[in-house]
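In: Make a model of this:
(one chain, ligands or ions: 1)
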Amino acid sequence: MNSHKIPKQHLEKNKQTKMLFTIGEMITGAGSAIAGLMVAYAMFQNYFPYDLQKPLKRYSHKIMNFFYPYIVITFPEFQGDRFERSKAFAVIERYLNKNSSKQAKHLQANVVQDSQAIVLSMADNEDVTDEFQGIKLWWASDHFVPDRQSISLYPREDANRYFTLTLHKKYRDVITNSYLKHVLDEGKEITIKERQRKLYTNNKSDNWYGYKRTKWSHVIFEHPASFDTLAMDPNKKEDIMKDLIRFTEAKDYYAKIGKAWKRGYLLYGPPGTGKSTMIAAMANLLKYDIYDLELTAVKDNTELRKLLIDTSSKSILVIEDIDCSLDLTGQREKKEKKNDEKKEEKDKDPVKAEMKKRDENDQSSQVTLSGLLNFIDGLWSACGGERIIVFTTNYVDKLDPALIRR
Ligand SMILES: Nc1ncnc2c1ncn2[C@@H]1O[C@H](COP(=O)(O)OP(=O)(O)OP(=O)(O)O)[C@@H](O)[C@H]1O
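Out: Numbers count the residues shown, from 1 in each chain. This is a model prediction of the structure:
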């Protein structure tokens, strides 16, 4: 018997050709299936009664959901009246940044307000994976174009970006309870780290309302002072730095002992001995903003509270020259004395006394010591979270003991 042996090389080549053939067939098959589906969908849209389309779509969606084991959560970039960018979207963008810059091949570079660096985020149709407590999750970025044709002044009307998070049904609780909080916390942390730090000062309440309403005005904070350049006893310097760092890491401790996450410092000494420089060094060390509160521009305790509410966390609130800003140096006795004098004056010339009173009210701040103490240590002090309050004075002996005791 004659056996005709086919060479091995030939066999391999044949095999490859066959495989290519099968893949080719598969692609052609898939292509025609998709084309078929598209034709069917177009016919469905054109010929199926419009009123029946909606319920049919709803039911098919329900059936799909029953078999589909994943949950998809959408985070749109713009919500509500669409003029304000969703804070959650911005924070998620920052969070995903760390994964997307490694995993995604197509990135989008944005200059984000208040950020000192260019923010890279994944472009549309890109996706990245994340892992949380051993659970795998998928984030994707996309956009949709609204069907309605409307004229809008809004530049992004035609491109509504959104992120989707896909997870398995069985992890729903872990993800909604812990993972999303983790994403928001970490995203916020990154945002704060990369933000351009600011130096704020309070405006008079006449500017708080109307078109340009703002309680605080700001400039970019770029003071070069640091603990390295500060001339002071190295041990004291070390103590202060450690104390500051400990404070920033003590969120749980403050929560455990039931105290507001605050820390107060009183810097005192003759003019030009480095009090302001120390504050700048503190802000640079902790990467905090500074709110320089000009107490003489604050009318009363209510305004003081409003200003406090309007500050952000991770900031140093500075009240410089507290002895000059407010008459806290034995203010109570002085007031009594003044009241006696006023009574005498009123008896003599009531019109003149009233004029004087109005004038005084216009010029001087009505912020009281108790208002200030409430601001530092009372109920209102708890709002806003992580914050350091620094007072400076040239004359520590003149201060009311109630202020120093805190
Ligand atoms: N200990 C210090 N280390 C480094 N620089 C200092 C120190 N003390 C003072 N200076 C320098 O002296 C100048 C004045 O300091 P600074 O404004 O911080 O003093 P101050 O105590 O806040 O004064 P004031 O009470 O008038 O506000 C700054 O330019 C600062 O650089």
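
In: Tell me the spacing between the closest residue to residue 268 other than its chain neighbours and the ligand.
Out: Spatial nearest neighbour of residue 268, excluding adjacent residues (CB to CB, 6 or more residues apart in numbering): residue 396 at 4.0 Å. (C-beta placed from N, C-alpha, C; glycine too.) Distance, residue 396 to the ligand, using CB to the nearest ligand atom, to the nearest Å: 12 Å.

In: and whatever residue of the stretch 301-406 of the chain ends up closest to the ligand, how many neighbours?
Out: Of all residues in the stretch 301-406 of the chain, residue 394 sits closest to the ligand, at 5.6 Å by CB to the nearest ligand atom. Residue 394 is flanked by 17 other residues according to other CB atoms under 10 Å.

In: residues contacting it?
Out: Neighbouring residues of residue 394 by CB atoms under 8 Å, 6 or more residues apart in numbering: 268-271, 321, 323.

In: try 10 Å
Out: Neighbouring residues of residue 394 by CB atoms under 10 Å, 6 or more residues apart in numbering: 268-273, 275, 320-324.

In: most surrounded residue in these?
Out: Ranking those using other CB under 10 Å puts residue 322 first, with 24 neighbours.

In: which among the contacts of residue 394 are in contact with the ligand?
Out: By CB under 6 Å from any ligand atom, the members of the contacts of residue 394 lying near the ligand are 271-273, 275.

In: Which residues does the helix or strand containing residue 51 contact?
Out: Element membership for residue 51, per DSSP states H and E: helix 50-67. Defining contact as CB under 10 Å, 6+ apart, one finds that helix 50-67 is touched by 44-45, 48-49, 68, 71, 169.

In: one more time with 8 Å
Out: Counting by CB under 8 Å, 6+ apart, 44-45, 48 sit against helix 50-67.

In: and the ligand, which of these contact it?
Out: The subset of the contacts of helix 50-67 within reach of the ligand, by CB under 6 Å from any ligand atom, is empty.

In: List buried residues within those.
Out: Buried positions within those, assessed by neighbour count (16 or more other CB atoms under 10 Å), are absent altogether.

In: ok, so of these, who is nearest the ligand?
Out: residue 45 (72.4 Å).

In: quick one, phi psi at the closest residue to the ligand within the stretch 251-400 of the chain?
Out: Residue of the stretch 251-400 of the chain nearest the ligand, by CB to the nearest ligand atom: residue 274 (2.7 Å). Residue 274 adopts backbone torsions of phi 100, psi 20, taken as degrees, to the nearest 10.

In: which residues touch it?
Out: For residue 274, the contact set (CB under 8 Å, 6+ apart) comprises 230-232.

In: cool, residue 226 as well?
Out: Residue 226 makes contacts with 281, 284-285, as judged by CB under 8 Å, 6+ apart.

In: Next: residue 276.
Out: So residue 276 contacts 320, 392 (CB under 8 Å, 6+ apart).

In: Which positions in stretch 173-187 come out as buried?
Out: 175, 179-180, 183, 187.

In: For this structure, which residues are neighbours of the ligand?
Out: 230-232, 271-277, 394.

In: The contacts of helix 50-67 in helices, which ones?
Out: 44-45 (DSSP state H).

In: re the thing from before, let's have the contacts of residue 226 in CSV, adding neighbour count, pLDDT and secondary structure.
Out: Output for the contacts of residue 226, formatted as CSV (neighbours: other CB atoms under 10 Å; pLDDT from 0 to 100; DSSP: H, G, I helix; E, B strand; the rest coil):
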residue, neighbour count, pLDDT, secondary structure
281, 24, 95, helix
284, 17, 92, helix
285, 17, 92, helix
